[in-house]
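Colleague: Here is the input, now give the coordinates:
(one chain, ligands or ions: 2)
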Amino acid sequence: MKLRVSEIRLAGEIQRQDELKSDEVFSKHVDLATFHKPIKTVVRAQMTHSDIYVSGNVTSSVRYLCVRCLEQFEDPLNVTFSQTFDPQVEVIDLTDEIRDTVLVNLETKPLCKKNCQGLCPQCGQNRNLLHCDCEKKSGRLGSLLKKFLLY
Ligand SMILES: [Zn+2]
Ligand SMILES: [Zn+2]
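Modeller: Ligands and ions are numbered 1, 2, ... in the order given. I've put the predicted structure just below:
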């Protein structure tokens with residue numbers, strides 16, 4: 001998203017909104033997160049006595065991969081940023097600002113839900129969907145072994 005400084009100067013304050021395609025903003029691949037919806041941005045730019053103050057709101061939906069069960073899930077994104085710019089420039093390009101704001105607010109260890117049960121380390125079953133009895137088996141085996149060692 002680009003803002004013309006002459007427009008901001010003339011009006012004193014402007015408001016703009018835009019929808020950015022995620023691949024325009026994220027040229028690099030981001031681990032564990034992908035964007036399937038456009039990144040909606042609303043910004044307000046104000047002329048102050050010494051610089052231009054820009055504040056914005058970024059909303060989208062992020063598709064994450066759960067680090068425990070490896071299932072995909074969607075999570076809404078709603079973040080804000082503010083930054084001052086030098087009024088000597090002609091055009092303010094907010095692409096970097098928007099990308100950085102989104103990146104710092106992404107989950108680094110996404111979980112599909114707080115109490116995600118993850119995958120069974122023995123059979124690989126997603127334990128949110130179905131309970132395998134690996135734990136029970138190893139439990140039984142464990143107590144049998146204990147008995148065996150004791151006697
Ligand atoms: Zn999960
Ligand atoms: Zn299992």
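Colleague: does ligand 1 sit close to stretch 123-139?
Modeller: No - using CB under 5 Å from the ion, stretch 123-139 stays clear of ligand 1, coming no nearer than 6.2 Å. Backbone N, C-alpha and C define where each C-beta goes, glycine included.
Colleague: again but with stretch 111-121, I slipped
Modeller: Yes - on the criterion CB under 5 Å from the ion, stretch 111-121 is in touch with ligand 1 at 112, 116.
Colleague: For ligand 2, see how far away residue 73 is.
Modeller: 22 Å (CB to the ion, to the nearest Å).
Colleague: can you pull the contacts of the spatially closest residue to that residue that is not a sequence neighbour?
Modeller: Closest residue to residue 73 apart from its sequence neighbours, by CB to CB, 6 or more residues apart in numbering: residue 112 at 4.4 Å. For residue 112, the contact set (CB atoms under 8 Å, 6 or more residues apart in numbering) comprises 64, 66, 68-69, 71, 73, 128.
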